[in-house]
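K.L.:
Turn this into a structure:
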Amino acid sequence: MAKHARKFNRTMGRRKSFLQGLANNLIMKEKISTTVARAKAIRPMVEKMVTIAKKQQLASLRRLLAALPKKSAKKLYFDVAPRYQNRAGGYLRITKLAKARMRDAAPMAVIEFVK
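P.N.:
A predicted model of the protein is given here:
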């Protein structure tokens, strides 16, 4: 099975940093407006992080700290993950917006945690 990831016209290191920054913003604000492509790229990343955080073990917290800044890792572990303790997945929702981005007409979306 081939893996096809979005490249966003960036080298591997910059792409990884870019996606981590997006994930950090999503966790801290719990709802962000971005392009559809970016939302689709960070969704699996953040959902896997929530699944890790749901285990509520020290090793889980350390894995999150390795992948995210300290503030967002702690927020995900202590605030966000306990909300989804009884949920089997699907922690994020992507809603496409009617208006495209002004400068390049990129389709926009809102990505947020499900209540």
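K.L.:
Touching, Leu19 and Ala41? I think so.
P.N.:
Yes. The pair Leu19 / Ala41 is scored as a contact, 6.2 Å apart, by Cβ atoms under 8 Å. C-beta coordinates here come from the backbone N, C-alpha and C atoms, glycine included.
K.L.:
so where's the chain shaky on pLDDT?
P.N.:
Within the chain, the stretches with pLDDT under 70 are 1-2.
K.L.:
now with 90?
P.N.:
By pLDDT under 90, the low-scoring segments of the chain are 1-5, 115.
K.L.:
which stretches of the chain form strands?
P.N.:
31-35, 92-100, 107-113 (DSSP state E).
K.L.:
The longest one - contacts with which helices or strands?
P.N.:
In terms of contacts (3 or more Cβ pairs under 8 Å, 6 or more residues apart in numbering; DSSP states H and E), strand 92-100 is packed against helix 36-54, strand 107-113.
K.L.:
What lies in contact with that strand?
P.N.:
For strand 92-100, contacts defined as Cβ atoms under 8 Å, 6 or more residues apart in numbering pick out 26, 33, 36, 39-40, 43, 46-47, 106-114.
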